[in-house]
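K.L.:
Need a 3D model of the sequence below.
(chains A, B and C)
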Amino acid sequence: METLAPAFVYRHTKVRITTEMTTEFIDLTDSLEELLAQSRIVTGFLNVQSLHTTAAIVVNEREPLLLSDFEVLLRKVAPDDVAYRHDDETVRTVNLSPGERPNGSSHCKALLLGSSACLNVLNGRLLLGRWQRVFLAELDGPRSRDISVLLIGEAAQ
Amino acid sequence: METLAPAFVYRHTKVRITTEMTTEFIDLTDSLEELLAQSRIVTGFLNVQSLHTTAAIVVNEREPLLLSDFEVLLRKVAPDDVAYRHDDETVRTVNLSPGERPNGSSHCKALLLGSSACLNVLNGRLLLGRWQRVFLAELDGPRSRDISVLLIGEAAQ
Amino acid sequence: METLAPAFVYRHTKVRITTEMTTEFIDLTDSLEELLAQSRIVTGFLNVQSLHTTAAIVVNEREPLLLSDFEVLLRKVAPDDVAYRHDDETVRTVNLSPGERPNGSSHCKALLLGSSACLNVLNGRLLLGRWQRVFLAELDGPRSRDISVLLIGEAAQ
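P.N.:
Predicted coordinates:
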């Protein structure tokens, strides 16, 4: 498929999400599809970014038990109960916020998962496999989270 | 380098790959370069997505022993021989397929690797370092796999 | 926000960075913002790629103690002191370079972190959250490193 596209459309949306648990996978797929439909973009890219350092964007299957397996995996790789220098108030001097919760392990989990996903758009739909869903991975909740969604592509006339 | 690009080209291709092993790194680089050459795109982005939740896209070196090190690493982080709730038929109720193989560990590996890579295109070539190659990481094979490749950019006149 | 963009601008830059430590997180954010300002792009994507297989691109917080926590995390997942087949000169035959240092663990760390990040651009700025910074993660330094930055979008008239 190859198309000349003299005109181009952008659409940016910031989405706010209130998370309810310490670790939580929130399925963004339907919201992203809706933003895509509103943009009338037929072919292009959708780039979705977490605007946080303790929340990630991941693509995988929406099966509740699997999501709890992911939580176990992340806790094993970056346990909550080991010492993180980021959480040591006796030595830290940078980026301190009043009432900040200890969250070195949450940052470590986010580092491994990544903060964004760039998705292909074709025929006005996100190109996802049968089992693929796009999630915000909350790793330090509950919190209020902002997500940036930028769509670029050719729109239907 | 800065160019005005009044006309824009898209090219989408779905590539099917049959994998042969449980874990396997399949070098996509030559295929991607060929799709790029066919598109005649000179400057732009190539976004390559796995359409699966147990297969990932990664960029690293094609050195067979290193690829076996990667397999060891992934097996250490997400072992096959521990219990995953996703694989527990006595409790799971969602997304069940007849004859599904236990693959909780494969999903965990895919989660850590990521499902896509966005690559820069310059002078009609993928911008890759000397040792960089783009791989489909099969984590639950053998299977038939689909990859989505979307190229967007300015084409040669 | 939705804009018709009949004209499009590309700007590619290769940035060279000399790293000084074995593991090091080098904050690229100011350099990326400067490239963006020079391009005069208002809305679009910035894709930043490491051109190396033992250096990654990550997005997280610039807090020195946290960066040392990341180093500990990576060393735990891919220790330096276990055997990697990539480093075994008695069996390896592919991609050998004279004087190559043993770096199987560095490749493993890079695999988990990923080689690039695609960032949204809005109103002429990188869309980043309050604590988000973009880093080159050196995992096998000190070395000379090249980064590819491609900006695509609509420029101010």
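
K.L.:
burial count for the closest residue to A:Thr18 other than its chain neighbours?
P.N.:
Spatial nearest neighbour of A:Thr18, excluding adjacent residues (CB to CB, 6 or more residues apart in numbering or on different chains): A:Ser144 at 5.4 Å. C-beta: built from backbone N, CA, C; applies to glycine. Here the number of neighbours of A:Ser144 (other CB atoms under 10 Å in any protein chain shown) works out to 10.

K.L.:
Look up the pLDDT of A:Ser144 for me, please.
P.N.:
Note on A:Ser144: pLDDT of 98.

K.L.:
same thing with A:Leu96?
P.N.:
pLDDT, A:Leu96: 89.

K.L.:
helix/strand/coil for it?
P.N.:
coil (DSSP: H, G, I helix; E, B strand; the rest coil).

K.L.:
Low-confidence bits of chain A, can you list those?
P.N.:
A:1-7, A:157 (pLDDT under 70).

K.L.:
what angle sits between the helix ranked longest in it and helix B:64-77?
P.N.:
Ranked by number of residues, the top helix in chain A under DSSP state H is helix A:64-77. Angle, helix A:64-77 to helix B:64-77, by axes from the mean of the first three to the mean of the last three CA atoms, to 10 degrees: 100 degrees.

K.L.:
Which neighbouring elements make contact with the very next helix or strand once past helix A:64-77?
P.N.:
Proceeding N to C from helix A:64-77, the next assigned helix or strand is helix A:104-113, under DSSP states H and E. Judged by 3 or more CB pairs under 8 Å, 6 or more residues apart in numbering or on different chains; DSSP states H and E, the packing partners of helix A:104-113 are strand A:55-60, helix A:64-77, strand A:133-138, helix B:104-113, strand C:55-60, helix C:64-77, helix C:104-113.

K.L.:
Centre-most residue in chain A?
P.N.:
Geometric centre of chain A, nearest residue: A:Ile57, 2.4 Å, by CA atoms, centre = their mean.

K.L.:
Pretty sure A:Ala137 is one of the things that residue touches, is it not?
P.N.:
Yes - using CB atoms under 8 Å, A:Ile57 is in contact with A:Ala137, at 7.1 Å.

K.L.:
overlap in contacts of those two?
P.N.:
A:Leu113 (CB atoms under 8 Å, 6 or more residues apart in numbering or on different chains).

K.L.:
roughly how far apart are the nearest residue to A:Arg62 once chain neighbours are set aside and C:Tyr10?
P.N.:
Computed as CB to CB, 6+ apart, the closest residue to A:Arg62 that is not its neighbour in sequence is A:Arg133, at 4.4 Å. Distance of A:Arg133 to C:Tyr10, computed by CB to CB, to the nearest Å: 33 Å.

K.L.:
Give me the more crowded residue out of these two.
P.N.:
C:Tyr10 (25 against 19).

K.L.:
The more buried one belongs to a strand, doesn't it?
P.N.:
Yes - if the criterion is three-state DSSP, then C:Tyr10 is within a strand.

K.L.:
What helix or strand is the residue nearest to it when sequence neighbours are not counted located in?
P.N.:
The shortest distance from C:Tyr10 to any non-neighbouring residue, by CB to CB, 6+ apart, is to B:Thr43 (4.8 Å). B:Thr43 is part of strand B:41-50, with elements assigned from DSSP H and E.

K.L.:
relative to strand B:133-138, how tilted is that strand?
P.N.:
Using the same axes, to 10 degrees, strand B:41-50 lies at 20 degrees relative to strand B:133-138.

K.L.:
how about strand B:41-50 as PDB, C-alpha atoms only?
P.N.:
C-alpha atoms of strand B:41-50 as PDB (Å, rounded to 0.1, in the frame of the first residue of the first chain):
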ATOM      1  CA  ILE B  41      11.700   6.700   1.000                       C
ATOM      2  CA  VAL B  42      14.800   8.800   1.700                       C
ATOM      3  CA  THR B  43      14.100  10.300   5.100                       C
ATOM      4  CA  GLY B  44      11.600   9.200   7.700                       C
ATOM      5  CA  PHE B  45      10.700   6.600  10.200                       C
ATOM      6  CA  LEU B  46      10.300   2.800  10.000                       C
ATOM      7  CA  ASN B  47       8.200   1.400  12.900                       C
ATOM      8  CA  VAL B  48       8.300  -2.400  13.200                       C
ATOM      9  CA  GLN B  49       5.800  -4.100  15.500                       C
ATOM     10  CA  SER B  50       5.400  -7.600  16.600                       C
END
